[in-house]
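1. got a structure for you, letters missing:
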């Protein structure tokens, strides 16, 4: 498979994923739209991470070296933004706005230390633990057994998590810490299953693409293949919508799945739909850019008050005219959120890449 094209379409998939994350947090979407989004938008990031890891050949690296890299790229941002969130919660919401109490701030701090993750940061710790679990199993048992064990582990945890967490309450701070730590590992085990799905999907895509290259005869075949992938993605997305609405409300962070088989099917075919659609489309640079910088958007869009600012600007657009409709609200929110994130992405990438676990680019 062509490496640059592979990066392009996966970046586009991540771009779609982060748009869905932001949209899901805006608070102004219809209930059915949220149900569809939550059915696959977070599993998408685990699956795509598995695909990227497979393409890079991460399994060939020593486990210690690989995990050190992932500590830097995932857990350094986790630690830094945990401190930033605590400063925002303690400084603004506790002492200025009066929404939170010092005890609640302490619980947030315990949540961060236990790896449970404050707000969206749960994803970073879950992804790190998912990769740790996946590669430990991979190094110990090999490829095929790894897939089987990861899938069995994912299903078992999903079925038993209520009984496991039901042993503890959150009445005291130490119980909160234990529950948070266990929850983080349970999410990591579920995430390892999705990560394994990404690995397996990549191997299938490799095999299909190699066969297509061998049988391809000119540009017409390539155009037909792209069209078929695009149409196939639309069909899978339609199926995801129908199944997710039937299954109802789900959420990966709280490990709420509804009907478990339907949840796993929606999570995978919804992600696969995005993959096929992005493979069928020409490169969209703006979408790739969002995907490349999805971590920046993930950790800043909500708890750094960008969403609150965007909603206020959207309401300001509505107030400009008595005839303003909902689209004025959305226009203001999208415009302001885009501006805030683009500025933040530029500043972090050029002046503080350590915030997201990256090295400063050499001139």
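-> On my side now, so go ahead. Please read all numbers here as calculations on a predicted model, not as lab measurements.

2. switch to C-alpha atoms for all contacts and neighbour counts from now on
-> Noted.

3. in the stretch 101-250 of the chain, which spans are helices?
-> 102-113, 122-141, 143-165, 173-215, 219-247 (DSSP state H, counting those that start in this stretch).

4. Ok, which of those comes nearest residue 338?
-> helix 122-141 (22.2 Å; C-alpha to C-alpha).

5. Show which residues not belonging to that closest one make contact with it.
-> Applying C-alpha atoms under 8 Å, 6 or more residues apart in numbering, the contact partners of helix 122-141 are 46, 59, 63, 67, 70-71, 74-75, 78, 115-117, 145-146, 149-150, 184-185, 187-193, 195-196, 253.

6. just to revisit the earlier point, could I get the helices of the stretch 101-250 of the chain as JSON lines with mean neighbour count, distance to residue 306 and mean pLDDT?
-> Formatted as JSON lines, the helices of the stretch 101-250 of the chain follow (neighbours: other C-alpha atoms under 10 Å; distance: least, C-alpha to C-alpha, whole Å; pLDDT from 0 to 100):
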{"stretch": "helix 102-113", "mean neighbour count": "18", "distance to residue 306": "20", "mean pLDDT": "91"}
{"stretch": "helix 122-141", "mean neighbour count": "21", "distance to residue 306": "19", "mean pLDDT": "97"}
{"stretch": "helix 143-165", "mean neighbour count": "16", "distance to residue 306": "33", "mean pLDDT": "93"}
{"stretch": "helix 173-215", "mean neighbour count": "20", "distance to residue 306": "26", "mean pLDDT": "89"}
{"stretch": "helix 219-247", "mean neighbour count": "17", "distance to residue 306": "29", "mean pLDDT": "92"}
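
7. and of those, who's closest to residue 349?
-> Evaluated over these, closeness to residue 349 peaks at helix 122-141, with 18.7 Å, by C-alpha to C-alpha.

8. chain center to the helix or strand residue 43 falls within: distance?
-> Assessed by DSSP states H and E, residue 43 sits inside helix 41-56. Computed by C-alpha atoms, centre = their mean, to the nearest Å, the separation of helix 41-56 from the middle of its chain amounts to 9 Å.

9. Which element is encountered next along the chain beyond it?
-> helix 63-70.

10. Buried residues, the helix or strand following that next one. List them.
-> Scanning forward in sequence from helix 63-70 by DSSP H and E, the next helix or strand is helix 76-88. Residues 76-79, 81-82, 85-86 are the ones in helix 76-88 that count as buried (16 or more other C-alpha atoms under 10 Å).

11. Mind giving me the packing neighbours of helix 76-88?
-> helix 102-113 (3 or more C-alpha pairs under 8 Å, 6 or more residues apart in numbering; DSSP states H and E).

12. what's the angle from the helix it packs on to helix 76-88?
-> Interaxial angle of helix 102-113 relative to helix 76-88 (axes from the mean of the first three to the mean of the last three C-alpha atoms, to 10 degrees): 180 degrees.

13. Show residues contacting helix 102-113.
-> 79, 82, 86, 89-90, 94, 117-118, 173, 176-177, 180.

14. Format these as CSV; extra columns: distance to residue 269.
-> Output for these, formatted as CSV (distance: C-alpha to C-alpha, whole Å):
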residue, distance to residue 269
79, 33
82, 33
86, 37
89, 37
90, 41
94, 42
117, 27
118, 29
173, 40
176, 35
177, 35
180, 30
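
15. Show me which pair in the residues you listed is furthest apart.
-> 94 and 180, at 22.3 Å, using C-alpha to C-alpha across the contacts of helix 102-113.

16. List just the nearest of the contacts of helix 102-113 to residue 320.
-> Checking the contacts of helix 102-113 one by one against residue 320 (C-alpha to C-alpha), the nearest turns out to be residue 89, at 32.1 Å.
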